[in-house]
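Chemist: have a look; sequence and predicted model below, questions after that.
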Amino acid sequence: MNLKERLTDVLQPILGSDIPVIWSVPKRSEQGDLSTNAAMIASKRLGRNPREFAQELVDIIDPEAFGLEKLEVAGPGFVNVWIGPGYYHGVVRQILERGSEYGSSSTGNGQRVIVEFVSANPTGPLNIVSARAAAIGDSLVRVMRKAGYDAMAEFYVNDAGRQIRRLGESIIARAKGEEVPDDGYHGEYVKDIAKALDTVRLYVEMEDLAQHLAGKLPDPSLEGLGKLAAGLITVEQSETLSRYRVHFDRWFKESELHDGGDPQKALDRLRELNAVYEKDDAVWFKGSEFGDEEDRVIITSEGRPTYLLPDIAYHLNKADRCDIAIDLLGPDHHDYVNRMQAALKALGHEDFLSVLIVQQVHLLRDGERVKMSKRAGQMVTLSELLDEVGVDVTRYFFLQRKTSTPLDFDLDLALEQSDQNPVYYVQYAHTRTRGILRQEGAPKPDLNTELSPLTAPEELELIKILEQFSETIARSAEAHEPQRLVGYLEEIANRLHKFYGACRVIGEDEAVSNARAALVLATGIVLKEGLHLLGVEAPERM
RNA sequence: GCGCCAGUAGCUCAACUGGAUAGAGCACCGGCCUUCUAAGCCGGCGGUUCGGGGUUCAAGUCCCUGCUGGCGUACCA
């Protein structure tokens, strides 16, 4: 149990169980190391003077028992707490003991989570929004695992349906040297696939294509050809993603769903629940009864399911496998959220799904937006981005900002290998910890190193931020906001640099040197693990 | 029209889920390298948190309303 929890345990009986005791770190050091507003909340309900009540809380805590320096009532009724250095020395020791395990918690209680992201159609290379989603989704999974969730990363492959036929058509057109249809896929990669398939000719579909091109077969299997190409594209996507250090635990194919008859089962279930009806030869889901703006067609008048039905089936499938589903969707899909939530509500899975909209990314070069057009096949792909700016910078840039806000990705800044570029600030801090300990004559700290010489403000400020690692991770996980971790790591870097400026490690009195070296080692551990959660490397030298 | 996301320093963004005097980076100005990497540190400049109401001890944060921008608004996915 940590300090906050122990303090809360003492206060809770006086406050009553319905008053939350929330400890926060005040912005100003004159307000102590920890603060709670519980007395103000409680006094309202109990009709008491908040400051008097706060004093009562202060009186009941024995400072020595908790290693506290003092407690105070402040402002309108805050209880402020000053923590003694002994507690912080314990934090450093704990980091050294736990190593890369430091920061883990059981906040998630082992809840099973499926985070679905990217899920790009297998009809072309990954674009920039996918790149952003990939970085965020992957880090979110890492963060959630660290916070005690049983989290899995999943990629939903839309390998069925119309777009696969269109892909087949586009390939045939390219193979014939004809223009690709307007609603087809225009990128250069389609040409490459056509060529590759033609060269290999291993598959029945390709034989069909060859026959077709020779004028012997009027209609090759577009579906089969499309699937084949989709498979190749999926492989390519997965290779790019693994270069990007993005890992998926499962690639879930839409065709698996169809093979198992899941969409039909979902439809039957909705029928049983009386959540669908027929109108104009089509089957409609009663979305408006479950929080959507309007009812939605799930089987067209031609008898074909719309994309919504297999998607409902897919989410039902997830509901069998996890407690919480998180979907990261592109900005062009946000109208889809309500209807999916409505469907899940109808099926008894309210509050199961939470959706994060990954907003638009604009690439800037020379201060100008880079024009991207899918229609004309002109896109900057993830793969190209990685070639140009590298994995660390790309991931860091995407993870810096809240996912729900549009993002300008400044290529010139990304390429700049200087202090202008924030990635290096944190990486440099890690390098600095390694550099100090690499020095000749540097102490070799271990678990028995005496830490009590750590008393300088810069030392304690550094430890205070390290102490918040676990909580920062837990909050990032709960809020589904990995970007919080970025700001946190920058804060560690900043305090390390200040410490570095104020306190020499090597050449001081031996006890001081040893203790400081232990602190430097601990800081390096946290920085490295933090960067790892972002999928960014922690270099030994720069 | 309706829906979603945004609007905070000149620019890019934070703000620990409603707390105390709204913070960083970039840009601009000025300091600090014969000592562990100056990819760093210190100081300065810079704000009606889009406007207007409301809720309360307390609002950038919650509610209402108006404005601006982006995206979406299919029997496409």
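Modeler: Cool, the structure landed. Quantities reported herein were computed from a predicted structural model and do not represent experimental measurements.

Chemist: could you say which helix or strand contains A:Asn448?
Modeler: A:Asn448 belongs to no helix or strand when assigned by DSSP states H and E.

Chemist: count the residues that sit near it.
Modeler: Using other CB atoms under 10 Å, A:Asn448 is surrounded by 9 other residues. Glycine gets a C-beta too; all of them are placed from N, C-alpha and C.

Chemist: ok, now how distant is it from A:Ala515?
Modeler: 12 Å (CB to CB, to the nearest Å).

Chemist: likewise A:Arg51?
Modeler: As judged by CB to CB, A:Arg51 and A:Ala515 stand 40 Å apart.

Chemist: same deal with A:Leu521?
Modeler: According to CB to CB, A:Leu521 and A:Ala515 sit 11 Å apart.

Chemist: which one of these two has more residues nearby?
Modeler: A:Ala515 (25 against 22).

Chemist: in terms of helices and strands, where is the more buried one?
Modeler: Per DSSP H and E: helix A:510-534 holds A:Ala515.

Chemist: ok, is that helix in contact with RNA strand B or not?
Modeler: No. Judged by CB under 7 Å from any atom of the strand, helix A:510-534 and RNA strand B are separated, with a smallest distance of 7.7 Å.

Chemist: now do stretch A:309-329
Modeler: No. Stretch A:309-329 stays clear of RNA strand B (CB under 7 Å from any atom of the strand), getting no nearer than 7.5 Å.

Chemist: measure how far that stretch is from the centre of its chain, please.
Modeler: 18 Å (CA atoms, centre = their mean, to the nearest Å).

Chemist: can you give me the buried ones in that stretch?
Modeler: In terms of neighbour count (16 or more other CB atoms under 10 Å), stretch A:309-329 has its buried residues at A:309-319, A:322, A:324-329.

Chemist: find the nearest non-adjacent residue to A:Tyr428, please.
Modeler: Of all residues not flanking A:Tyr428 in the chain, A:Met542 sits nearest, at 5.9 Å (CB to CB, 6 or more residues apart in numbering).

Chemist: I meant to write A:Phe499 there.
Modeler: Nearest non-adjacent residue to A:Phe499, counting by CB to CB, 6+ apart: A:Glu458, 4.3 Å away.

Chemist: mind listing what the one you found touches?
Modeler: Neighbouring residues of A:Glu458 by CB atoms under 8 Å, 6 or more residues apart in numbering: A:495, A:498-499, A:501-503.

Chemist: next, format those residues as a markdown table and append distance to A:Tyr488 and neighbour count.
Modeler: A markdown table is the format used below for the contacts of A:Glu458 (distance: CB to CB, whole Å; neighbours: other CB atoms under 10 Å):
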| residue | distance to A:Tyr488 | neighbour count |
| --- | --- | --- |
| A:Arg495 | 11 | 21 |
| A:Lys498 | 16 | 14 |
| A:Phe499 | 17 | 23 |
| A:Gly501 | 21 | 9 |
| A:Ala502 | 21 | 12 |
| A:Cys503 | 22 | 18 |
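
Chemist: determine which two of those are furthest apart.
Modeler: A:Arg495 and A:Cys503 (11.5 Å; CB to CB).

Chemist: doesn't A:Gly524 make contact with A:Gly435?
Modeler: No. Taking contacts as CB atoms under 8 Å, A:Gly435 lies outside contact range of A:Gly524: 9.9 Å.

Chemist: the more surrounded of these two?
Modeler: A:Gly524 (23 against 17).

Chemist: ok, the residue most central in space within chain A - contacts?
Modeler: Among the residues of chain A, the one closest to the centroid is A:Leu140, at 2.6 Å (CA atoms, centre = their mean). Contacts for A:Leu140 (CB under 8 Å, 6+ apart) come out as A:115, A:151, A:326, A:477, A:480, A:482.

Chemist: isn't there a strand covering the third one?
Modeler: Just to be clear, that refers to A:Ile326. Yes. With DSSP: H, G, I helix; E, B strand; the rest coil as the criterion, A:Ile326 is located in a strand.

Chemist: need the contact list for it.
Modeler: A:113-116, A:140, A:353-356, A:480.

Chemist: one step back: now, which of the buried residues of stretch A:309-329 lie within strands?
Modeler: A:324-329 (DSSP state E).

Chemist: if we can go back for a sec, now the two most distant members of the contacts of A:Ile326.
Modeler: For the contacts of A:Ile326, the maximum inter-member distance is 14.9 Å, found between A:Leu140 and A:Leu353 (CB to CB).

Chemist: tell me the first helix or strand C-terminal of the least confident helix or strand in chain A by mean pLDDT.
Modeler: The least trusted helix or strand in chain A, going by mean pLDDT, DSSP states H and E, turns out to be helix A:204-213, with a mean of 66. Downstream of helix A:204-213, the first helix or strand assigned by DSSP H and E is helix A:222-243.

Chemist: chain center to that next one: distance?
Modeler: Using CA atoms, centre = their mean, the offset of helix A:222-243 from its chain centre is 24 Å.
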